[in-house]
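Engineer: Have a look at this prediction, sequence included:
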There are 2 protein chains.
Amino acid sequence: MNSKKLAEFLEYAASLCETREVRLTPQRLEVLSIIAASGKPVGAYEILQKLQQERPNAAPPTVYRALDFLQEQGLVHRLASLQAYLACNHPHDEHQGQFLICSDCGRVREMEDGAIHTSLCKAADKAGFDMDDEIVEILGRCGECKRVRS
Amino acid sequence: MNSKKLAEFLEYAASLCETREVRLTPQRLEVLSIIAASGKPVGAYEILQKLQQERPNAAPPTVYRALDFLQEQGLVHRLASLQAYLACNHPHDEHQGQFLICSDCGRVREMEDGAIHTSLCKAADKAGFDMDDEIVEILGRCGECKRVRS
DNA sequence: AATAATATTGTTACAATATAACATAACTCT
DNA sequence: AGAGTTATGTTATATTGTAACAATATTATT
């Protein structure tokens, strides 16, 4: 994410939290900024290292608490297959997204594909299952890597 | 899994490995048996504890190596959202399955839903993405828990 | 059968991810 | 100003997973 988009995103996040009357504190904002700036999934301890450049006394709970908050607000997703965190493209309420994870460049594209969601709902329904959360992560090779790296 | 189904499953696994000319060694079989017998996702260190009842000198690599083998053979799946392992319903080659994970009773149902797979392929394709693996885990409440626990 | 090559297991140590528990500080509301 | 709630500081530890290298067992080759 370039610095202009980053600034926009952070501002959007701030206004979103204001609307919801939840507190995007400086620490939470910093963590969000670190994740968004990287443009890729980031591990919690990688976030911690960067955060410690500003706040030398930051510790694992500092990061994990901020991550909890940001995930609740839909501003950040956790990628279960990578154990890493990613800023959200479209952080409106209630959504989880589906992810295309490139094993080559490490970048991730978030989708919100209605057909996928529908097929999941139908399958769950057929099994008499009440769906709370859905985790969809597709691993492979992105278009750019296919072009660039042979 | 009851003991009859368990025995059938283990025998099937043995014949499968024989056909493929890979070695389902006693250790690997024990690990598979522990997972299958539990009928639910099991953590690696839970497997280790049970394995140590038979083999007191088993260590983490003992378990993880067996798990690697069993996953390669499609006899066991790893559930990324739980960091746990589950015996496979239908261990033919080349499949990954989709999982309905009940947050209430902890049981998991594996599906192989063509519509889900198709929707994933289409979405990936539309994004110019070459799919290698798919991870689909649905968290919620199973039919039985809905009935039994109000 | 003896040897070489490969695959599996033993063993120790450690890395990476995440949480528990309790103290302190800050904010919010009356 | 004080009580209640939310957020942070801090230390220690739990959980999950791997690296690295030695020893053993299996398979293939001569």
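Structural biologist: Yep, it's here. Residues are numbered from 1 along each chain as shown, chains lettered A, B, ... in the order given.
Engineer: Might you report the residue contacts of A:F69?
Structural biologist: A:V22, A:R28 (C-beta atoms under 8 Å, 6 or more residues apart in numbering or on different chains). The way it works is simple: take the backbone N, C-alpha and C, and place the C-beta from them, glycine included.
Engineer: Look up how far A:Q49 lies from it.
Structural biologist: Distance of A:F69 to A:Q49, given as C-beta to C-beta, to the nearest Å: 20 Å.
Engineer: and if you look at A:I35?
Structural biologist: According to C-beta to C-beta, A:I35 stands 13 Å off from A:Q49.
Engineer: For the two, indicate the residue with more neighbours.
Structural biologist: Using other C-beta atoms under 10 Å in any protein chain shown, the more surrounded residue of A:I35 and A:Q49 is A:I35, with 27 against 13.
Engineer: Following the chain past the biggest helix by length in chain A, name the next helix or strand.
Structural biologist: Secondary structure of chain A per DSSP state H: the longest helix is helix A:3-20. Counting by DSSP states H and E, the element after helix A:3-20 in chain order, helix or strand, is helix A:26-38.
Engineer: Please see if that next one touches DNA strand C.
Structural biologist: No. Using C-beta under 7 Å from any atom of the strand, helix A:26-38 never reaches DNA strand C; the gap is at least 9.0 Å.
Engineer: going on from that helix, what's the next piece of helix or strand?
Structural biologist: Stepping forward along the backbone from helix A:26-38, the first helix or strand reached (DSSP H and E) is helix A:44-54.
Engineer: neighbours of the residue nearest to A:P60 when sequence neighbours are not counted, just the number please.
Structural biologist: Leaving aside its chain neighbours, A:P60 sits nearest to A:L48 (6.4 Å; criterion: C-beta to C-beta, 6 or more residues apart in numbering or on different chains). A:L48 has 18 neighbouring residues, counting by other C-beta under 10 Å.
Engineer: Would you check that A:L48 makes contact with A:A58?
Structural biologist: Yes. In terms of C-beta atoms under 8 Å, A:L48 counts as a neighbour of A:A58; the distance is 6.2 Å.
Engineer: Can you pull the residues of chain A lying near DNA strand D?
Structural biologist: Contacts of chain A with DNA strand D, taken as C-beta under 7 Å from any atom of the strand, map to A:22-23, A:25-28, A:55, A:57-62, A:65-66, A:69.
Engineer: Most widely separated two among those residues?
Structural biologist: Between any two of the residues of chain A next to DNA strand D, the greatest separation by C-beta to C-beta is 24.4 Å, found for A:V22 and A:N57.
Engineer: the more surrounded of these two?
Structural biologist: Legend: neighbour count by other C-beta under 10 Å for A:V22 and A:N57, higher for A:V22 (13 against 6).
Engineer: Can you give me the distance of the more buried one to chain B?
Structural biologist: Look at A:V22 and chain B: by C-beta to the nearest C-beta, to the nearest Å, they are 24 Å apart.
Engineer: Would you mind finding the longest strand in chain A?
Structural biologist: Looking across chain A with DSSP state E, the single longest strand is strand A:130-141.
Engineer: Give the buried residues for the helix or strand following that strand.
Structural biologist: Counting by DSSP H and E, the next helix or strand C-terminal to strand A:130-141 is helix A:143-148. For helix A:143-148, the neighbour count (16 or more other C-beta atoms under 10 Å in any protein chain shown) marks A:C145 as buried.
Engineer: contacting residues around helix A:143-148?
Structural biologist: A:C102, A:D104, A:C105, B:A127, B:G128, B:F129, B:D130.
Engineer: again with stretch A:101-114
Structural biologist: If you take C-beta under 8 Å, 6+ apart as the criterion, stretch A:101-114 is touched by A:39-41, A:77, A:79, A:81-82, A:86, A:88-90, A:95, A:97-100, A:137-142, A:144-145, A:149, B:119, B:123, B:127, B:129, B:132.
Engineer: okay, how far is it across that stretch, tip to tip?
Structural biologist: Taking C-alpha to C-alpha, to the nearest Å, the first and last residues of stretch A:101-114 lie 19 Å apart.
Engineer: Could you check it and say which residues are buried?
Structural biologist: In stretch A:101-114, counting by 16+ other C-beta under 10 Å, buried: A:I101, A:C102, A:V108, A:R109, A:E110, A:M111, A:D113.
Engineer: what about A:A36, distance to DNA strand C?
Structural biologist: Distance of A:A36 to DNA strand C, computed by C-beta to the nearest atom of the strand, to the nearest Å: 18 Å.
Engineer: Next up, the contacts around that residue.
Structural biologist: Applying C-beta under 8 Å, 6+ apart, we find A:A36 in contact with A:M1, A:L6, A:F9, A:L10, A:A87.
Engineer: Please check these and keep the buried ones.
Structural biologist: Buried among the contacts of A:A36 by 16+ other C-beta under 10 Å: A:M1, A:L6, A:F9, A:L10, A:A87.
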